[in-house]
Structure formats: structure tokens, C-alpha cells
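[1] need a structure here:
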Amino acid sequence: MEQEKTGVERPVAPAGEGCLVTAVRLPVRIVVFVLVLPVRMVWDGCVAAGRWLGRAVFRPLGRALWWVGRAVFVWPLVGLWRYGLVPLGKVLTRLGNLVIVVPAGWLYRYVLVPLGHALVWLYGRVLTPFGHGVMWVLRGIAAVCAAIGLGVFAVLARLTRYLVVVPCAWLYRWVLTPVGQAVAWCVKGLVRLAGMLVTGIGTGLYWITRILLVLPLLAVWRWVLVPVGRVLAVVAREIGNALGHAWRVAGHVSLAVGRFLGALVRWILVEPARWMYTRVLTPVGHMVRDAVLRPAAEAGRAVGRAVRQSLAVARASVRRARADVRRMFLGEQGEPVRTNRREPIGGEARTLDSSTTALTKD
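    Residues are numbered from 1 along each chain as shown. Below is the predicted model of the structure:
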């Protein structure tokens, strides 16, 4: 009535849940969360470390091992295949063709084919007529033997019928059949008696077993094991749900702790280091560069230019001294006469109707 007046529905517990489930759920979840939280944090730490190792160590190491494997195994094998086995295979193929295929073809064409034709002619012209004659003779002999055998078989069949079959049939009908029927009737009576005894003993044992074993076990199953099993099933289900819930909550807690530690490391190490780099080291580096390194570089370049100029002056002085010594011992030498080795042009060219040439011209 109150729900109909207010229009608000109260939360209804799921079917199959009672006070036992409610009493077990909260402590189990608390205990499981306390136990799962360190495991989840260690798991997340191992996952993060594994990702970093995979990205920073294992991938470069794998690539290096891949290239080393290619350089040590693949490329030598490819070179061996390309420059060793393939030419060797071609040589062996040609050698096998010359040594085996060509002689075999010649043997087949000039030896085996004529021999086969000769064997076919021998079979068709000699062996086939001889075989037909032998078969005709054998058929005649078989017909004579069959006629003699049929007569002997008829005589033996009649003797066997009147001496063996007829006496055995009379003995079976008038002696063995009545005796067998009497024996079968006695056996049936004994079997019925034994069946009645076994049925009575089995019925007694059934009721004794049912009363002494089955009914107590059924009562223990129904009134003890089933309730205990239901309680254990509820506890196991709640433990499983608590594990899942605790694992998810521990994941959020581990994520929060990881972010907190990351922020802590950032504000303790990264931000001071960045501030030191941007606010202190960079200006100091610029100042050192502008006040010390650039002037030192300019001074070094000036010293280098001065040294190069001094070396050039020294080389020129050495050349002059060497020229003075040469003139002192060898005297002045005239300048070499430059000769024009080009072909004469225009009027200076050699003609066919003139004896004057470029070589004899004054």
C-alpha cells in the first residue's frame, strides 16, 4: 500500500539470495580486497616493467639478433645456394644427362625396342599356337576324367545314403529326440527352481540393503550434504564475485597509485631537472658560449690564420733560398723557348702545288 501511494519501488534482492548471502558478502569482499590489492599492484608493476623492457630492450635486442642471424646463417646459406649448389646442380644435371640419360635412350631405342618386337613376334607366332594345342589336349583329358569321376561319385553317394544317412536319421528320430526332450524338460524345471530361489534371495538382499544403506545415505544426502553444498556454493560464488570485484577495484587503486607515484617522480625529479635545465643550465651555457667559446674559437681561427701565413712566408723564403743556391752553383738559366705546336692556319697551311711547307718555311 505504501509503495502504491508513494510510487517508488523498493530494491528487491535477486532470487536465491537471503540473509546468509548478505552476511557472507561484505566480510568476504573486504578480506579478498585486502589480499588481492598487493597482488594487483605487483601485477601492474610487472606489466609496466615488461612493456618498458619489451620496448627498450627486447625489441632492439631482437632486431640485433635478427640481423646477426641473417648475417651468420641466412646470407652464407643464400650465397652457398646461389654460387655453390646451383652451379654444381647444373653441372651434375648435364653430367647425368651425358652419362645416364643419353646411354639409356640409346639402349632403349637400339636394344630394348628390337628385343621387344622380337618377343612379341615369338609370342604371337610360336607360343600362342603351341598354347592352344596344349589346351585342346588338356580339355579332352579333363572331359574323360570328369565322366569317370561322375560314375564313381554316383556309386559312392548311393552307398553312403543306405549305409550311413538312413541309419543315422532313424537313430536321431526314435532315440535321441525323446531322450533330448526329457533332458530339456528336467533342465527347465531346475532352471525355474533356481530362478525362484535367486529371486527370493535377491528380494531379501534388496530390502536389507535399502533399509540399512540406501535410506540412511539418502537421508544424509538430502538433509546434510545438500544444505552444506548450497552453503559452500554460495560461499564459493561470493568468493569468485569478490575476487572479480576486488581485482577491478585494485586495478583502479593501482592506477591511482601509479599516477600518484608518476606525479611525485615528476615533481621531485623531472620538473626540478627541467627547471634547472631551462632556467640555469641553458642561460649559463649561452653565456659560456658567448663569453668563452666563441671568443676562444675566434682566437683559435686567428691563430690558425697567423700560423698559415707564417708557414706560407717560410715556404716562400725557403724557395728563394733554394733558387739562390741553385744560381750560385749552376748559374743563370735561360727561359725555355715556347714553340707553337698547332697546325698552320690559312696561308701558312701546306699545299699540294707548292714546295713550301710549314716545316721548311723560313
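
[2] I'd say residue 44 and residue 261 touch.
    No - in this structure residue 44 lies outside contact range of residue 261 using CB atoms under 8 Å: 11.1 Å. (C-beta placed from N, C-alpha, C; glycine too.)

[3] Neighbour count: the two, which is higher?
    Legend: neighbour count by other CB atoms under 10 Å for residue 44 and residue 261, higher for residue 44 (17 against 11).

[4] how near is the more buried one to residue 96?
    67 Å (CB to CB, to the nearest Å).

[5] Residue 87 too?
    Residue 87 is 15 Å from residue 96, by CB to CB.

[6] And for residue 271?
    78 Å.

[7] does residue 235 sit in a helix, a strand or a coil?
    helix (DSSP: H, G, I helix; E, B strand; the rest coil).

[8] oh, I was asking about residue 29
    Recorded secondary structure, residue 29: helix (three-state DSSP).

[9] now it, nearest residue through space, not along the chain?
    Counting by CB to CB, 6 or more residues apart in numbering, residue 242 is the residue found nearest to residue 29 once chain neighbours are left out, at 4.3 Å.

[10] Now do the same contact list for residue 29.
    By CB atoms under 8 Å, 6 or more residues apart in numbering, the contact list for residue 29 reads 238, 242, 245-246.

[11] Quick check: it vs residue 124, distance?
    Per CB to CB, residue 29 is found 100 Å from residue 124.

[12] can you tell me which of the contacts of residue 29 are in strands?
    Judged by DSSP state E, the subset of the contacts of residue 29 located in strands is empty.

[13] Now neighbour count and pLDDT too, for these, in JSON lines please.
    Formatted as JSON lines, the contacts of residue 29 follow (neighbours: other CB atoms under 10 Å; pLDDT from 0 to 100):
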{"residue": "238", "neighbour count": "22", "pLDDT": "81"}
{"residue": "242", "neighbour count": "22", "pLDDT": "81"}
{"residue": "245", "neighbour count": "16", "pLDDT": "82"}
{"residue": "246", "neighbour count": "23", "pLDDT": "82"}
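
[14] which one of those is nearest residue 143?
    Within the contacts of residue 29, the smallest distance to residue 143 is 98.6 Å, found for residue 238 (CB to CB).

[15] how far away is that closest one from residue 29?
    Distance of residue 238 to residue 29, given as CB to CB: 8 Å.

[16] Over to residue 76?
    63 Å.

[17] who are the neighbours in contact with residue 83?
    For residue 83, the contact set (CB under 8 Å, 6+ apart) is empty.

[18] where does it fall, phi/psi-wise?
    Per-residue torsions, residue 83: phi -110, psi 0 (degrees, to the nearest 10).

[19] would you list every one of the helices in the stretch 251-362 of the chain?
    In the stretch 251-362 of the chain, the helices defined using DSSP state H, counting those that start in this stretch lie at 271-275, 282-288, 294-330.

[20] Check which residues of stretch 42-58 are buried.
    Using 16 or more other CB atoms under 10 Å as the test for burial, stretch 42-58 gives residue 44.
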